[in-house]
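Visitor: I need the structure of the sequence given here:
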Amino acid sequence: MVIRTLSVSLTLATCFMTGSLLVGCGAEQPQGPARTAARWNGCADCHGENGEGNAAFDAPPIAGLSRWYVDEQLKKFQDGRRGAHIDDTHGLRMRGMVRTLTNAAETTEIADFIATLPPVAPPHTLTGGDAEKGELLYKPCVACHGDKGQGKEAMGGPSLAHQADWYLKRQLMNFKTGVRGTANGDAFGARMKPMADTLADEAAVDDVIAYIKTLSEEPTDG
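Guide: All right, here's what the predicted structure looks like:
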C-alpha cells in the first residue's frame with residue numbers, strides 16, 4: 001500500500017514539476033508574474049483552471065480561500081503537519097507536490113495568486129443529510145468558521161461556504177479518525193479533531209454538511 005501511494009505521489013509530483021518548475025536545460029528561469037503563472041499551471045492540472053476543483057482527481061476547490069489559509073496549509077504539507085499520515089493517501093500526494101516549492105517566498109507567491117481567484121459554487125454531490133439538524137450541529141462551529149461559513153483568520157478557521165461537500169465530508173471523517181489533526185505542531189487540527197468528534201456518526205456529518213451547503217456568503221478573513 002505504501003509503495004503504491006508513494007508511486008502515485010511521485011507521478012503527480014512529476015506532473016506538478018513539469019507545469020510549475022520547468023527549468024534547466026539551459027533555459028532561463030521565469031520571474032515575477034510569469035513564474036507564478038507557470039506554478040499555477042501545475043496546480044490547475046488538478047484543481048482546475050479557475051480553482052473550481054475536480055472530484056475525479058480528488059482535488060477540492062481552492063478558489064475563494066483566503067491567502068493566509070492557503071499559505072498555512074502549503075507550509076503544513078511541506079513540514080509534515082499535514083499529509084504525512086500513512087492513511088492520508090490524498091494528503092501524501094499533495095505533500096509530494098507542495099514540497100517542490102523550495103522556500104517560504106515561493107509558497108507565499110502561489111498563495112497570493114490563489115487568493116485572487118473568485119469563489120465558485122461547487123455542485124451538490126452528496127445525498128441525504130438534514131440541514132435543519134445540521135444547523136444545530138453547526139452552532140459550535142460558528143466561533144471559528146463564522147455564522148455564514150466565511151471563516152475567521154484570528155481563530156484559524158477557513159471559509160467553508162464555497163467548499164465541495166465531498167471534500168468537507170472527507171476532512172471531517174479524517175479528523176474523526178485521527179488521519180488529520182494529530183500531527184505535532186498542528187494547533188488548529190488539535191482543536192478541530194475534538195470538534196469533529198462531537199458529530200456522533202456519519203449521519204451527523206452529513207447533516208452538518210447539508211447545512212453548510214445552504215450558506216452563501218462569500219468567504220472573508222472575518
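
Visitor: does D207 really touch L126, like I thought?
Guide: No: the pair D207 / L126 is not scored as a contact, 10.8 Å apart, by Cβ atoms under 8 Å. For every residue, glycine as well, the C-beta is placed using N, CA and C.

Visitor: These two: who's more crowded?
Guide: Using other Cβ atoms under 10 Å, the more surrounded residue of D207 and L126 is D207, with 23 against 15.

Visitor: Next, the contact list for that one, please.
Guide: D207 sits next to 129-131, 133-134, 137 when contact means Cβ atoms under 8 Å, 6 or more residues apart in numbering.

Visitor: repeat that with 6 Å
Guide: 129-130, 133-134, 137 (Cβ atoms under 6 Å, 6 or more residues apart in numbering).

Visitor: Please report phi then psi for the closest residue to it other than its chain neighbours.
Guide: Of all residues not flanking D207 in the chain, G134 sits nearest, at 3.9 Å (Cβ to Cβ, 6 or more residues apart in numbering). For G134, the backbone dihedrals are phi -60, psi -30 (criterion: degrees, to the nearest 10).

Visitor: if I pick the spatially closest residue to L126 that is not a sequence neighbour, what's in contact with it?
Guide: Leaving out its chain neighbours, the residue that sits closest to L126 by Cβ to Cβ, 6+ apart is D165, at 4.6 Å. Contact partners of D165, counting by Cβ under 6 Å, 6+ apart, are 124-126, 209, 213.

Visitor: how does it look with 8 Å?
Guide: Contacts for D165 (Cβ under 8 Å, 6+ apart) come out as 122, 124-126, 209, 212-213.

Visitor: If any of those are buried, put those into a ChimeraX selection.
Guide: Buried subset of those, written as a ChimeraX selection, criterion 16 or more other Cβ atoms under 10 Å:
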select :122,209,212,213
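
Visitor: need the contacts of D165 in a markdown table with secondary structure, pLDDT and distance to T177, can you?
Guide: A markdown table is the format used below for the contacts of D165 (DSSP: H, G, I helix; E, B strand; the rest coil; pLDDT from 0 to 100; distance: Cβ to Cβ, whole Å):
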| residue | secondary structure | pLDDT | distance to T177 |
| --- | --- | --- | --- |
| P122 | coil | 88 | 24 |
| H124 | coil | 89 | 24 |
| T125 | coil | 91 | 21 |
| L126 | coil | 92 | 18 |
| I209 | helix | 96 | 16 |
| I212 | helix | 95 | 20 |
| K213 | coil | 93 | 23 |
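
Visitor: Kindly indicate which of the contacts of D165 lies nearest A84.
Guide: Closest approach between the contacts of D165 and A84, by Cβ to Cβ: I209, at 25.7 Å.

Visitor: just to revisit the earlier point, what distance do you get for the residue nearest to L126 to A183?
Guide: D165 sits 25 Å away from A183, going by Cβ to Cβ, to the nearest Å.

Visitor: Now the helix or strand hosting T107 - C-alpha only, CSV.
Guide: If you go by DSSP states H and E, T107 is part of helix 104-114. C-alpha atoms of helix 104-114 as CSV (Å, rounded to 0.1, in the frame of the first residue of the first chain):
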residue,chain,number,x,y,z
ALA,A,104,8.6,30.4,2.1
ALA,A,105,8.7,33.1,-0.6
GLU,A,106,7.6,30.6,-3.3
THR,A,107,4.8,29.3,-1.0
THR,A,108,3.5,32.8,-0.3
GLU,A,109,3.7,33.7,-4.0
ILE,A,110,1.4,30.9,-5.1
ALA,A,111,-0.9,31.6,-2.1
ASP,A,112,-1.2,35.2,-3.1
PHE,A,113,-2.2,34.2,-6.6
ILE,A,114,-4.8,31.6,-5.4
